[in-house]
Structures are given as structure tokens and as C-alpha cells.
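1. Build the 3D model from these lines:
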Amino acid sequence: MKILFASSEAHPLVKTGGLADVSGALPRTLRNLGEDIRLVLPAYRSLLERVPNPVPVARLTLGGGQTVRLLRTLLPGTRVTTYLVDHPPAFDRPGNPYLGPDGQDWPDNADRFALFARVLVELARDRCGLDWQPDLVHCNDWQTGLVPALLSLEPDRPATLFTIHNLAYQGLFDGATLGRLGLPPEWWSMHALEFHGRLSFIKGGLVFADWLSTVSPTYADEICSPEFGFGLDGLLASRRDRLSGILNGADYDQWNPGRDPLLPQHYNRRSLAGKAACKAALQRRFGLDVRPDRPLFGHIGRLVEQKGIDLILAAVPQLLERQVQLVVLGSGEARFEAALRQLQAATPGQVGVEVAYDEALAHLIEAGCDGFLMPSRFEPCGLNQIYSLRYGTVPVVHAVGGLADTVVDASPTALREQRATGFQFHGASLANLVQAIDRALQAWARPDLWRQLVTTGMRQDFSWKRSAGRYAELYRTLTTPEAVAERRHG
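-> From the prediction side, this is the model:
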């Protein structure tokens, strides 16, 4: 199959979150399975700085006289052909892909990603002079939401799949944006792109794509409910028969404690001595008391309420009472950043904080911690709990989304059957989080039981090969002659 994979970020070229991990790993795995998959990204300034000598392969002129170059390279470390949409007025700027240096959304985000979508349509219809037309276009999150909508206007178009990585981010803009972008006026409807008086990019994918997917089976159910649907639950429920939940995979080439180059010492489930060395290195890195007998818990993530960082902050007094050390890595809302810095200053030797994103430090935290806290209020899939399992770091998670799908709670039955890998709690409250932490500490106090949890977790296989196989099956379903005929006559 020929697959065009469209994303606004992909590791290792550009990353703000889990979307980049998926967009870096899934295309590579599918390519290794024999699919002709090609990745498309915006040519951000920071991305071009990482790509030596990309090859110009096309020049396009879009509506309004906008000139765009298409550059070709390979995704680093892979055989995946990667196209970069080069339009300096849209993408040659500092900051991350969506936010300026002031931390605020770029005011022209609608224009930037509408341009990206229009280039994707030209690629999908083989109008770039590349003599390559995909059978399917796989779009990801709101930044590519206009692609299925725009392709719906095209005859003999390829199939479209739209993956929801986080429904909370919807690409909402004021109503005047529809006309300014030259989109069909009939799309200003609750049945198309209008959402409570605003233009919604994500609805372009949710309404017009041939099929929808999201990143865990539980999240696929959750987003069809008012609690997790962010106002789109009715639309998603109406398309439930065309919505799949496919769990994200982990890139074990990058996340493997047996050969991770970012760790001071390697280890595996048969020999855990190196994990103790990583713990000591992590304690030293954060200026904590180097005490192997103190349980050390970690958290990595965006500092926002969705991730439950407020619950972790509220739990700190109880953690300190229980002689637990804590390390936190992340950035986000200023109030949480300030609270964490104050906490670190007030608790030297017990709490370590790094307000940033540091890939190497993330690996050390996963290796050096005994437990990992993920009290997310919702979590489409989550990857850190999967990394934690492989690194022998026992996760404590709120039982939602992908957290519920990947962590087996240490119930008496699961422990007896040696299936348990962590601790779940239900209901995002301080009391429930602390109760789950206490259950983990009771297990920590029993070394043989704790080692069983650690080694069972390390045996779990959440590799991309299995998940990529599920995507390949879905691609084949969407590109059968019957599916093609349905699109032509639909």
C-alpha cells in the first residue's frame, strides 16, 4: 500500500509530546513491514537545523500566490521518505510548532496549518510532479483536520484515516476564519466545521474522514461520553461504528534499559543491579539524599491539570511523611512551575524539580525511580507508563484511557496469578491517589513482592510491531475495491 502519513511533529526531528513519538515510530515500523509509507511535516526552523541538505523536489503555487517548496529527506535512523513543507512566512520562526517564545499560540495558526493541509491535498492527488499517489492519507490531530474535508471535494480521492491523539486540543478559531481561508460557506454548519460559533479544525477530520481511530481502546469508548468528549461526544457516538481504538506502541529501540546509551549503567529483568546504580545517579543529579532504602517516585509530563500535577503537589506532604523522595520533569502552566520551584527550595534532599524538557533526563528518571506517578484526569494512551514498565519502574495510575489498558492493578488475584504490573485508582482525587501510593509502599516494603511487580512489568510487550499490524489491517480494509467504490458513489 502507498500511505501518506501527515503530522505536525515527529521524533527525532521535532517534538512537543506523544504525537511526535507516534509519528516517528509508526511510519518506521510500517516501512519495515513492507508498506510504502511517506511522512510529511512542516519545515519548521528548528527542524531544518536538524536536517542536513534536504533535497528540493517540487515547487507549488497555492491560492493567493503562496509559493511553497517541497523538500525531501529521510526520517533519521529510518528508511522513511519524509517530505518537508517549506514556506518561511509560516514556519521559519522561533518557538515550538504551535507557540511563540511568549508561550502563547501563534496568532496565524489557522493560516499556517490550512496551508499545510492544502499542500497535503496536492500530494494526495499526485499534483506535485512526484509520480506517486497514495492509496490512503493518515492524518493526525487538529493540525491536519482540514485534509479529509478538503479531499472530500476531490474526485477519485484516496481513503482518509483521522487519528485523535488528544481530543482536548481541537484547533478552534473565530468564525471569520472560514471565509478568510476560502473554505466552502456550507461548511459553516454544526454538521461540518462549525462548533459553538467557532471554526473547528478537528471537526474536519471527525466529520469527513472515512474512518477514525484513537490511541487506546478505552479512550475510544470514553470520548463517546459527555465526561471525556469535550462537546464532541454526540458526533463521535454517531460514528462509533467507524472508530477504532488502537493502543500506541513503545519504541523499544529508544527505550530499552539493556542498551540505553543515556543511562550510566544498563540492566534487564534478570539482573537489576544497574537499576540501583541509576537510582543513585538520579538522586545525585537532583541533589537528593543518596539512600537506596528510600522509595523514589517520579513524574514526567506537561504541567497542566489534565496530567494531575495539582494532585501530585497536594500529595507531597503525605509523601514526605512516608519518607518518599520525588522528582518531577516538565514544563507548562506558570502557576505549577512556580509551585514546584518553591517546593524544591523548601525540601532539599527530598524533592527534585527540573522545569524543562530534557530527553536524556527523562530516560534517567524512568531508570532511576522505583515508582512512577500518572494521576491524569484523562489520558488517551500515555507512553511514560509503558516506558516505566520496561524500565522496572512500577506505575501508579488513574484508571482512564490507555493507563487502564496497559497497567494491571496489583489486586490479590492479579498478584497471585503474577499478572500485576502496577497500581490503579479510580476517581481523580487526592485521597484516591494517596491510597494507591500507600498500596505501592506496602508492596515496596516486601522486596520479593516488589521484584515480582518489577519483573512482570518488564516482560510486557507494547512494541510498535503489534500496533502497526493493527493499522495495516485497517488500511487494507479502507482500500479494498468495495471501499473505493463506496467513496466514488458516496
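2. which residues of the stretch 151-300 of the chain fall in helices?
-> 176-180, 201-208, 217-222, 233-238, 273-285 (DSSP state H, counting those that start in this stretch).
3. so which of the ones you listed is the most packed in?
-> The highest mean neighbour count among the helices of the stretch 151-300 of the chain, using mean count of other CB atoms under 10 Å, belongs to helix 201-208: a mean of 25. C-beta here means a position set from N, CA and C on the backbone, and glycine is covered the same way.
4. what helix or strand does Arg466 sit in?
-> Per DSSP states H and E, Arg466 falls inside helix 464-478.
5. starting at the chain centroid, how far to the helix or strand hosting Ala440?
-> Secondary-structure assignment from DSSP H and E places Ala440 in helix 430-444. Here the centre of helix 430-444 is set off from its chain's centre by 27 Å, with CA atoms, centre = their mean, to the nearest Å.
6. Check stretch 74-91 too.
-> From the chain centre to the centre of stretch 74-91 is a distance of 19 Å (CA atoms, centre = their mean).
7. sorry, back to before: who does the helix holding Arg466 touch, helix- and strand-wise?
-> If contacts are counted by 3 or more CB pairs under 8 Å, 6 or more residues apart in numbering; DSSP states H and E, helix 464-478 sits against helix 18-32, strand 136-140, strand 159-164, strand 211-214.
8. sorry, back to before: determine the next helix or strand in the C-terminal direction from the helix holding Ala440.
-> helix 447-459.
9. Quick one: mean pLDDT over that following helix.
-> Computed over helix 447-459, the mean pLDDT rounds to 98.
10. Okay, buried residues for it please.
-> Within helix 447-459, the residues that qualify as buried are Trp450, Gln452, Leu453, Val454, Thr455, Thr456, Gly457, Met458, counting by 16 or more other CB atoms under 10 Å.
11. Tell me the spacing between the spatially closest residue to the fourth one that is not a sequence neighbour and Arg93.
-> Of all residues not flanking Val454 in the chain, Gly392 sits nearest, at 4.3 Å (CB to CB, 6 or more residues apart in numbering). Taking CB to CB, to the nearest Å as the criterion, Gly392 is separated from Arg93 by 41 Å.
12. try Gln418
-> From Gln418 to Arg93 the distance is 53 Å (CB to CB).
13. Between these two, tell me which one has more neighbours.
-> Arg93 (16 against 12; other CB atoms under 10 Å).
14. pLDDT score for the more buried one?
-> Arg93 carries a pLDDT score of 95 in this model.
15. thought it was touching Ser46?
-> No: counting by CB atoms under 8 Å, Arg93 does not reach Ser46; the two are 9.6 Å apart.
16. so where's this protein shaky on pLDDT?
-> 490 (pLDDT under 70).
17. tell me the domain ranges of it?
-> Following automatic domain parsing, one finds the domains of the chain at 2-249+465-489, 273-461.
18. if we compare those domains, which one ends up closest to Pro257?
-> Across the domains of the chain, Pro257 has its closest neighbour in domain 273-461 (5.1 Å, CB to CB).
19. For the closest one, measure first residue to last.
-> By CA to CA, to the nearest Å, the extent of domain 273-461 from end to end equals 22 Å.
20. Nearest to Asp260 among the domains of the chain would be which one?
-> domain 273-461 (5.8 Å).
21. gap between the one helix or strand Gln424 maps to and the chain center?
-> Per DSSP H and E: Gln424 is located in strand 423-425. For strand 423-425, the separation from the chain centroid amounts to 22 Å (computed by CA atoms, centre = their mean).
22. Summarise which helices and strands it is packed against.
-> Strand 423-425 packs on strand 394-398, helix 430-444, going by 3+ CB pairs under 8 Å, 6+ apart.
23. sorry, back to before: next one: the residue nearest to Val454 from Cys381, what distance?
-> 21 Å.
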